[in-house]
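**Q** Curious how this folds, go ahead:
(chains A and B)
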Number of protein chains: 2
Amino acid sequence: MEPFGAAPLLCVRPSSEDPDWGGPGAVLNIGMNDARYVDLCERLGKSAAAQIYLRFVQAYAIHVARLDPDLFEDIEKSGQEGLSEALRAYEDEAEEEFPQDPSVQLAAVLRSMARAWEGTTARLLRQAKGAPADAGLGLVVQDMVFGIGTGESGSGVIQLVNSTTGEPQLTGRYLSQSQGRDALEEGAKALFLEVDARGPSLEELAPDAFSALKKHTALMREKLREEMQAEFAVENGQVHVLDGVRVARSAQAAVKIAVALANDKIISREEALMRIEPRALNEMLHRQVDPEAKRDKIARGIAASPGAATGKIVFSSNEAQASAARGEPCVLVRRETSPEDIRGMHAAVAVLTERGGMTSHAAVIGRGMGLPCVVGATSLTFNLRKLTITSPDGRVFRAGDVITIDGTSGEVLAGEPKMLEAAHDDSFQELMDWADDVRDIAIRANADTPKDAATARNFGAQGIGLCRTEHMFFEADRLTPMREMIFADKPEDRREALERLLPMQRADFTELFQIMQGQPVCIRLLDPPLHEFLPHDKAGCRELAEALDLPLSVVTRRVEALGEYNPMLGMRGVRLGVTVPEIYDMQARAIFEATIEASRNGEPVVPEIMIPLVSAKREVELVKSRVDAVAAAVRSETGKDFKYRLGVMVETPRAALRAADIAPHVSFLSFGTNDLTQMTYGLSRDDAGRFMSEYVQLGVYPEDPFHTLDTEGVGELLEIGATRGRNAKADLTLSICGEHGGSPESIGFCRNAGFDYVSCSPFRVPVARLAAAQLALKDNIE
Amino acid sequence: MEPFGAAPLLCVRPSSEDPDWGGPGAVLNIGMNDARYVDLCERLGKSAAAQIYLRFVQAYAIHVARLDPDLFEDIEKSGQEGLSEALRAYEDEAEEEFPQDPSVQLAAVLRSMARAWEGTTARLLRQAKGAPADAGLGLVVQDMVFGIGTGESGSGVIQLVNSTTGEPQLTGRYLSQSQGRDALEEGAKALFLEVDARGPSLEELAPDAFSALKKHTALMREKLREEMQAEFAVENGQVHVLDGVRVARSAQAAVKIAVALANDKIISREEALMRIEPRALNEMLHRQVDPEAKRDKIARGIAASPGAATGKIVFSSNEAQASAARGEPCVLVRRETSPEDIRGMHAAVAVLTERGGMTSHAAVIGRGMGLPCVVGATSLTFNLRKLTITSPDGRVFRAGDVITIDGTSGEVLAGEPKMLEAAHDDSFQELMDWADDVRDIAIRANADTPKDAATARNFGAQGIGLCRTEHMFFEADRLTPMREMIFADKPEDRREALERLLPMQRADFTELFQIMQGQPVCIRLLDPPLHEFLPHDKAGCRELAEALDLPLSVVTRRVEALGEYNPMLGMRGVRLGVTVPEIYDMQARAIFEATIEASRNGEPVVPEIMIPLVSAKREVELVKSRVDAVAAAVRSETGKDFKYRLGVMVETPRAALRAADIAPHVSFLSFGTNDLTQMTYGLSRDDAGRFMSEYVQLGVYPEDPFHTLDTEGVGELLEIGATRGRNAKADLTLSICGEHGGSPESIGFCRNAGFDYVSCSPFRVPVARLAAAQLALKDNIE
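**A** A predicted model of the protein is given here:
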């Protein structure tokens, strides 16, 4: 190329390598001047040449000389007249002639692009995207091709897959006598590419050009190792590919594309794995509001549990159950949820609460169940006496009104927008299998119910890392014996009440073991304070008094007496186990009897028993000796042998600090980072909602520590606990359970700290599997 | 001495070096047999000789041969007949003759003493007293002296000081024809020692013996370097000192004795300091129930704040204030106390609560105020509707009934037993001065009120280490603007309400500064959650609604909305400072204006401002920049300059872990071990009462960690925080405040960790001063 002597027309465009790094958006052309215009007139005719010159002037004026775009808005005339008018406008405003020297144009264009690259917005964007500080701007300089002129000329875009599904599907548009992305503009009378019943196509108009275009695009995919959207121009019947950008894609499409590229041997499986953002998988695992659908938004809260669902408003768990019994999907609307609402949550398709944050009860349980959930919707006015919620614009919603909860965006919508179904298809399964091949940290799920456990297995969890047993006591037929146990004054009476719970607990565990087919199941002994099982209002107390045949005053007094100032820091966890040992005795027996039952026809089950809220070694010794005694009793009664592992949930800073004392007595330590975060910060997750967003906004905390593991504070305790525990007992199993378990950052942290597994809610298992694979791959590369 | 040939009569008695180590109690004699008896008959006459032989036989039979003491009960006859009967009884029961060979007697006696020394009870006692495992038993073998026989013979005890006051006072008894401690037995017709109007005396009976006895006892004091009680015998007019033991003594007497010994140059001042158990000083600083008084005990609770007081029962703070206004001492009886009861506590002479432990509100405030307090008196039935408390034996106490709270023993007594006044006399002051000369860690006091501050100064505190400001807002005239502030929606309205609190706060601080006369005063910015300032019942809400001229529903809703699940872990401390910054602005201004005011006529005041509940560095930066701005504003408005120091209260595990981040921004870190213990254990001190005693009994925790600093867990966080803080800022001031501050163990821990001071409640300051002195002395010795 002889650059400026012959004054060729050239395109300067930013390299599309890193389209997200905030490079200059415009493609800028150089080389046009009066002399070149004369040439073009001869080649393409006056009208086309004038149109091209005009476009040069406009683009140069706006993007390089930075003149007001409005200057050129009024130029209605086409051809020579319009061009002259534009040149005059340029000269008047820029106070110079339109530059005739291509090298002057080039210098100005480069300056302009550099300015855009170094602009504040672009720099901030690059920083946010994690680009290196010295990231360079790539420029492509290429001969210009016109979509305007004699013969079939025009421009368009093409891609070979569907952006939503990722399935092969030739997609795009073509517009004669156009340039750039004109064909995509609204109202453009663009053609289809392939023959299409809906209208004329490029294939019919210029079959050779179409066929060449298809070949070029496929070649791009192969050579650029990516599914590309090509921008092309046709000049006098000849196809030219001007540019290519990554095909925009949904999460589902991203997986499909990456897997297809790997299966076509264009990229490696490892590269396919690295290309998917783990969190994006969340989108695929739940139903979503169709991005194209119209949204009648009535409020925005905190997106606490992803996915979307539509149902009729109900204001209580009882109504939720009634609605479910009638087969009517319902949305449970509460000020906040408590353990008593578990049944209602199981019956509902989504949950909406006025209060709470990412780690409120509704949010945690919702994520665990894969139930769409919006919490902290404070802009809605909840009137739970009148049973209404009122939107900021004054609309009143009542029980029975249909709303949609979008737990992915945090929006509450009126009515029922169009939905997209969850999509975990073959490509997803294939990608997950590849992830499992490379990752080196195990992933388990937190699962309390058979449904959770089935989901966990379905999503490829390698066991249950945390089975909370408290939910098992809220069923109607269990709550009564539970309450009798609480009201019993003597150990015998407690045992008698627990005796009635035993078969139900045994059935719970047997079912879990059977679903998990020999995979490890880690069962946490009862954790919450007993008052959680008691009624909280007068009516409930009255009912209970009748059920237990006790005077109301006795019930009220006992309920009051069991109340606590700070339940989080009260009589719960192992403190129950030490002071009311009959409960753990019953649970241990249920676990062991279920172990025998479930081992009868399958893999031998090795249950894991986890002691919650430990703060001192002696607590572990006391519980262990009783659990061991129960095991011995069950063995001798049944004549069957079984193994089990006993461990500690590290939730208090002290347990982490004293891990060396505790480790010799146990097989595993599992860090409960929810409670550990609460205690390390001195911050209740239930109460933090009130100021957490302000705190994050002010940068007091870089992130909500209940959402993103605080590696500096809580993380140090994890490291201390892990190191001291392993030093005291080399084969100690280490893990985390709780909300942080599923986040890629936490997995990275735990992997570095030598943990054996992380446990997260079933719906986050795929995210965790992929994130873990990426971490292993990154290590291999480094 | 020719031991057994001449068969001398010898005494074998355990050495009195360590009388508390559980050695054998009995003095055993050897050498008596028929031959010796014949000798004695010649010397002392038959009757005396027979009595002596009989005593030998009895003591040997009971303590060596371990025969039933009852065997000898019925021997009524004296002289030869009684002796023969005793010898027969011995032969019948022991199935051997009374041993005639002194060497056989000696061997048996030694075995018997060794057996007693190695017995389980004695071993446990030694362990509890901290004696070494291989502690040996010292034995004294001496020639026997008889208090029976011809001439003036008898025995008695003497000491030169009063056991209760420690003042010089010759005390003791003498009984003719007696042995051992017979003179002290009830009903014994013992003589006084000195001439006494109440009856005959040894001085009159045998003036030479008396004078020799006084000389011997004074010599014992000098040579044994201790105030001794001597056991003596008179034989034929001649005095013999048989044994000496430390004079039993009250705390007050212990101090008086030690100071006198030092002033007499018998021991050094250092030794005097080491001889006093620091905790024993507690006894002297409060009124006590006279140990001799009859106690009509109605319940026992937790001894939460030492001292005793008598008053009429009142069931509310209002009644307490009314009672105080009438000049009638009253005991405030509550289920538990809350900050709203502060005024009532100030008005009462003692507090009794049904619930709570050593670190409940009532206990902490009670100790701070020096107010006798018994908490957790669960054996009493509190009926707060009928306004009665019922003792386990069915007695009902009503408002107006007089009871006595013994906060030292934890007992609740009916009526008014005899009391001993508090005694901090000259000797006490002298000892404290000596302690201050040697100790190397400063002692400050926690003081919230002028009264506390005066007590603190009076007890020799070197400043205020923790001034909690929340109590200042509960006075009636302050609660209203405080509540208006809470109910304000806009910062301007908040500022307006705070504007009215400013002069009161300023006056509070001015007074404190003036009382402390230039000593440092560390003021903690507002800490509790705002809902603590709101009413907790319907009636209170109604009153508030009227006062604020708001609909009841608005008040009720706001009160509800501010409620928290776990107030301890909620919106309090610096979280208030960050999200409602106007409060700290007002407090900072009050502090600075008071600083200027108080510096006007005295030492320049350098206030210390402490930020509570920090968990992240940024919190400190935000508060610091506002406090600095207020200081600049006050300086420019007044034209006066002043200095101040800003610091952080380390109460969350995270603040300790991140001390290196925080230290560069502050002048001091003060560890709030109450909250730090709560968070490290995941245990609310308000809720721990329910199971703490069981936990300590079971050995789960060796001690209540709210009472005794948990050096293993919480202590490690203190060390981590101290080391990291000092590494980041070498001149950082380090301290602890809170309940643990005053305990000798905590002081030792803090001293080893390089802390600058400890701060404790005013009434524990003397204990802390002495404990700190002892630690310094121990280090010098080692």
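**Q** Looking only at the longest helix seen in chain A, what residues are buried by neighbour count?
**A** For chain A, the helix with the greatest residue count under DSSP state H is helix A:491-516. Residues A:494-495, A:497-498, A:500-502, A:504-506, A:508-516 are the ones in helix A:491-516 that count as buried (16 or more other C-beta atoms under 10 Å in any protein chain shown). Heads up, the C-betas are built off the backbone N, CA and C, glycines and all.
**Q** Please see if stretch A:604-619 touches chain B.
**A** Yes: Stretch A:604-619 is in contact with chain B by C-beta under 8 Å from any C-beta of the partner chain, via A:Leu613, A:Ser615, A:Ala616, A:Arg618, A:Glu619.
**Q** Among the residues you listed, which pair sits farthest apart?
**A** The most widely separated members of the residues of stretch A:604-619 next to chain B, counting by C-beta to C-beta, are A:Leu613 and A:Arg618 (13.9 Å).
**Q** and these two? which has more neighbours close in?
**A** More neighbours surround A:Leu613 than the other of A:Leu613 and A:Arg618, with 29 against 19 (other C-beta atoms under 10 Å in any protein chain shown).
**Q** Correct me if wrong: the more buried one contacts A:Val648.
**A** No: checked against C-beta atoms under 8 Å, the pair A:Leu613 and A:Val648 is beyond contact range at 9.4 Å.
**Q** Now do the same for A:Val554: helix, strand or coil?
**A** On the three-state scheme (DSSP: H, G, I helix; E, B strand; the rest coil), A:Val554 is labelled helix.
**Q** Next one: it from chain B, what distance?
**A** 13 Å (C-beta to the nearest C-beta, to the nearest Å).
**Q** Remind me which helix or strand the closest residue to that residue other than its chain neighbours belongs to.
**A** Excluding its sequence neighbours, the residue lying closest to A:Val554 (C-beta to C-beta, 6 or more residues apart in numbering or on different chains) is A:Ala545, at 7.4 Å. Per DSSP states H and E, A:Ala545 falls inside helix A:538-548.
**Q** just checking, what packs against that helix?
**A** helix A:476-487, helix A:552-562 (3 or more C-beta pairs under 8 Å, 6 or more residues apart in numbering or on different chains; DSSP states H and E).
**Q** CA atoms of the last one as PDB?
**A** Right, helix A:552-562. What follows is helix A:552-562, C-alpha atoms only, in PDB (Å, rounded to 0.1, in the frame of the first residue of the first chain):
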ATOM      1  CA  LEU A 552     -52.500 -20.600  79.800                       C
ATOM      2  CA  SER A 553     -50.500 -18.800  82.400                       C
ATOM      3  CA  VAL A 554     -48.000 -21.700  82.700                       C
ATOM      4  CA  VAL A 555     -47.500 -21.700  78.900                       C
ATOM      5  CA  THR A 556     -47.100 -17.900  78.800                       C
ATOM      6  CA  ARG A 557     -44.600 -17.900  81.600                       C
ATOM      7  CA  ARG A 558     -42.600 -20.700  80.100                       C
ATOM      8  CA  VAL A 559     -42.500 -19.000  76.700                       C
ATOM      9  CA  GLU A 560     -41.500 -15.700  78.400                       C
ATOM     10  CA  ALA A 561     -38.800 -17.400  80.500                       C
ATOM     11  CA  LEU A 562     -37.300 -19.000  77.400                       C
END
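**Q** What's the first helix or strand after it?
**A** Following helix A:552-562 in sequence, per DSSP H and E, is helix A:574-579.
**Q** ok, then the element right after that following helix?
**A** Next helix or strand after helix A:574-579 toward the C-terminus (DSSP H and E): helix A:582-599.
**Q** So what touches that next one?
**A** Contact with helix A:582-599 is made by A:469, A:485, A:491, A:494-495, A:498-499, A:501-502, A:505-510, A:512-514, A:523, A:525-526, A:576-577, A:605-607, A:609, A:623, A:626-627, A:630-631, A:633-635, A:638, A:640, A:642, A:644, as judged by C-beta atoms under 8 Å, 6 or more residues apart in numbering or on different chains.
**Q** same thing with stretch A:473-490?
**A** Stretch A:473-490 is contacted by residues A:339-340, A:342-343, A:472, A:493-494, A:496-498, A:500-501, A:504, A:526, A:530, A:533-534, A:544, A:547-548, A:550, A:555, A:558, A:562, A:582-583 when judged by C-beta under 8 Å, 6+ apart.
**Q** Going along the chain, name the helices of the stretch 601-750 of chain A.
**A** Applying DSSP state H, counting those that start in this stretch to the stretch 601-750 of chain A gives helices spanning A:617-638, A:653-657, A:659-662, A:673-681, A:685-697, A:714-728, A:744-752.
**Q** Looking at those helices, which one is packed in the most?
**A** Stretch with highest mean neighbour count among the helices of the stretch 601-750 of chain A: helix A:653-657 (a mean of 29; mean count of other C-beta atoms under 10 Å in any protein chain shown).
**Q** Now the stretch 251-400 of chain A against chain B: closest residue?
**A** The minimum distance from the stretch 251-400 of chain A to chain B, using C-beta to the nearest C-beta, falls at A:Arg355 (8.9 Å).
**Q** List the contacts of the residue nearest to that residue when sequence neighbours are not counted.
**A** Nearest non-adjacent residue to A:Arg355, counting by C-beta to C-beta, 6+ apart: A:Glu336, 4.4 Å away. Contacts for A:Glu336 (C-beta under 8 Å, 6+ apart) come out as A:Thr353, A:Glu354, A:Arg355, A:Gly356, A:Ser360, A:His361, A:Ala362, A:Val375.
**Q** quick one: the longest helix of chain A near chain B?
**A** No: Helix A:491-516 stays clear of chain B (C-beta under 8 Å from any C-beta), getting no nearer than 13.6 Å.
**Q** hey, what's A:Ser759 bridged with?
**A** Taking DSSP bridges as the rule, A:Ser759 bridges to A:Arg444.
**Q** for it, what are its contacts?
**A** With contacts defined as C-beta under 8 Å, 6+ apart, A:Ser759 is in contact with A:443-446, A:464-466, A:522, A:670, A:735-738, A:741.
**Q** what about 10 Å?
**A** Applying C-beta atoms under 10 Å, 6 or more residues apart in numbering or on different chains, one finds that A:Ser759 lies in contact with A:442-447, A:456, A:461-467, A:522, A:670, A:735-738, A:741-742, A:765, A:768.
**Q** Which one of the helices of the stretch 601-750 of chain A lies nearest to A:Arg181?
**A** When the helices of the stretch 601-750 of chain A are compared by C-beta to C-beta, helix A:744-752 sits nearest A:Arg181, at 35.1 Å.
**Q** Tell me how far that closest one lies from the chain's centre.
**A** Centroid separation between helix A:744-752 and its chain, computed with C-alpha atoms, centre = their mean, to the nearest Å, is 17 Å.
**Q** quick one: it to helix A:714-728, angle?
**A** If you take axes from the mean of the first three to the mean of the last three C-alpha atoms, to 10 degrees, helix A:744-752 sits at 20 degrees to helix A:714-728.
**Q** picking up where we left off before, for the longest helix of chain A, which helices and strands make contact with it?
**A** Applying 3 or more C-beta pairs under 10 Å, 6 or more residues apart in numbering or on different chains; DSSP states H and E, one finds that helix A:491-516 makes contact with helix A:450-458, strand A:464-468, helix A:476-487, strand A:521-524, helix A:582-599.
**Q** In stretch A:465-477, which residues are buried?
**A** Buried residues in stretch A:465-477, counted by 16+ other C-beta under 10 Å: A:Gly465, A:Leu466, A:Cys467, A:Arg468, A:Thr469, A:Glu470, A:His471, A:Met472, A:Phe473, A:Phe474.
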